[in-house]
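[1] the sequence and its predicted three-dimensional model are supplied below.
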Amino acid sequence: MAVKLPTLPSRVGLIIGVANKRSLAWSIAQAVSLEGASLAFTYQNERLRENVEKLAGGLADPLVLPCDLNDDAQIDAVFTAIEEKYHGLDFVVHSAAFAEREALSKPFSETSRDAFRTSLEVSAYSLVAVARRAAPLLAKSPSARILTLSFLGSERVFPNYNVMGVAKAALESSVRYLASEFGPRGIRVNAISAGPVKTLAASGVSGFSDFLKTYEQRAPIGRNITAADVAEAALFLLGPAGRAITGQVIMVDGGYSIMGV
Ligand code: NAD
């Protein structure tokens, strides 16, 4: 008779930011799912619901929930549903950002108050809103992690990245403040600053293909990074190897950011 060995309890993760199969969040979801994690997904609106349901449907017993990050009640509902289904949470991947298209093509000084506020709210404040609600569940996990996605436009000027650069600066600073506050509760908070990858969000930045060309030419690794590169770095940060890393922005950019000329 086969002996049934005790299995480790599988980890539970929340993945925010899948729009389609090109989404960085989807690559991360696939990687953590292969490691045995159970996953809850959110979708921004009805337009994206089918995409997310279809992708998540290929995984074992996922939870798929609506969540516009501008809506506190929807964010609350996500954590209520996770607690009901899984009774716990081990990690959150926050991979969402937004800026109005106009703000990503006009001169930066013409950014309207509304465009500035919207971009900062969705792309930076949402991490704080999510982290606060996730913390009570995460604090019960032996390896709690929060991971978000940033871009070098937070500290250097990229043509047309504009208000998204400002939002990413706020996001990275929020990572540090959250890491400091949550560290004593065992929750690690980090960001991956990824090189450019062709996704839906990226296509909103006017001239994004020039970013790709420049990175390919100048990054020490001699190529653009892929969503799989990001996913594997995420696995490292979300897993046991990330236990002593918090408040960091880890560059997954093929080394582009070290170059002068
Ligand atoms: P993506 O378009 O696949 O993902 C962006 C996600 O943000 C989408 O799922 C969208 O639904 C979500 N979102 C936007 N507004 C929202 C709202 N109000 N409520 C809920 N969700 C909302 O593109 P991506 O490139 O995978 O982007 C994921 C993250 O990675 C973003 O933070 C982006 O800035 C960052 N990033 C991307 C690149 C790149 O080159 N693609 C590079 C560095 C960092």
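    Cool, the structure landed.

[2] what residues does the protein have near the ligand?
    Residues of the chain found near the ligand (CB under 6 Å from any ligand atom) are 17-19, 23-25, 44, 48, 67-70, 95-98, 122, 149-151, 194, 196-197, 199-202. Yep, even glycine has a C-beta here, placed from its N, CA and C like the rest.

[3] now those residues: which count as buried?
    17-19, 23-25, 44, 48, 67-69, 95-98, 122, 149-151, 194, 196-197, 199, 201-202 (16 or more other CB atoms under 10 Å).

[4] filter the residues you listed down to the ones in strands?
    Using DSSP state E, the subset of those located in strands is 149-150, 194.

[5] residue 176: which of those residues is nearest?
    residue 150 (11.9 Å; CB to CB).

[6] OK, contacts around that closest one?
    168, 171-172, 175, 191-194, 249 (CB atoms under 8 Å, 6 or more residues apart in numbering).

[7] dump these into a markdown table; add pLDDT and secondary structure as well.
    Listed next are the contacts of residue 150 as a markdown table, based on pLDDT from 0 to 100; DSSP: H, G, I helix; E, B strand; the rest coil:
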| residue | pLDDT | secondary structure |
| --- | --- | --- |
| 168 | 98 | helix |
| 171 | 99 | helix |
| 172 | 99 | helix |
| 175 | 99 | helix |
| 191 | 99 | strand |
| 192 | 99 | strand |
| 193 | 98 | strand |
| 194 | 98 | strand |
| 249 | 98 | strand |
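
[8] and the two most separated of those?
    175 and 194 (14.3 Å).

[9] buried ones in stretch 81-89?
    Buried residues in stretch 81-89 (16+ other CB under 10 Å): 81-82, 86, 89.

[10] which of those residues fall in helices?
    If you go by DSSP state H, the buried residues of stretch 81-89 have 81-82, 86 in helices.

[11] now do the most centrally placed residue in the chain, the pLDDT please.
    The residue lying closest to the centre of the chain (CA atoms, centre = their mean) is residue 95, at 2.4 Å. Taken from the predicted model, the pLDDT recorded for residue 95 is 98.

[12] where do the strands of this structure begin and end?
    Along the chain, the stretches classed as strands by DSSP E are 12-16, 38-43, 63-66, 91-94, 144-150, 187-194, 249-252.

[13] pick the most deeply packed of the ones you listed.
    Across the strands of the chain, averaging neighbours per residue (mean count of other CB atoms under 10 Å) puts strand 91-94 on top, at a mean of 28.

[14] mind exporting that strand as PDB, just the C-alpha atoms?
    Extracted as PDB, the C-alpha positions of strand 91-94 are listed here (Å, rounded to 0.1, in the frame of the first residue of the first chain):
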ATOM      1  CA  PHE A  91       1.300  36.900  -1.100                       C
ATOM      2  CA  VAL A  92      -0.100  39.700  -3.200                       C
ATOM      3  CA  VAL A  93       1.100  40.600  -6.700                       C
ATOM      4  CA  HIS A  94       0.100  44.200  -7.600                       C
END
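
[15] what sits up against stretch 176-193?
    127-128, 131, 135, 138-139, 141-152, 154, 171-172, 175, 230, 233-234, 237, 242-243, 245-253, 257.

[16] please determine how far residue 55 is located from the ligand.
    Separation of residue 55 from the ligand (CB to the nearest ligand atom, to the nearest Å) stands at 11 Å.

[17] in contact with that residue, which residues?
    Taking CB under 8 Å, 6+ apart as the test, what residue 55 contacts is 18, 20-21, 26, 29, 41.

[18] kindly reformat those as TSV containing pLDDT and distance to residue 110.
    Below are those laid out as TSV (pLDDT from 0 to 100; distance: CB to CB, whole Å):
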residue	pLDDT	distance to residue 110
18	98	32
20	98	30
21	97	34
26	98	34
29	98	37
41	98	36
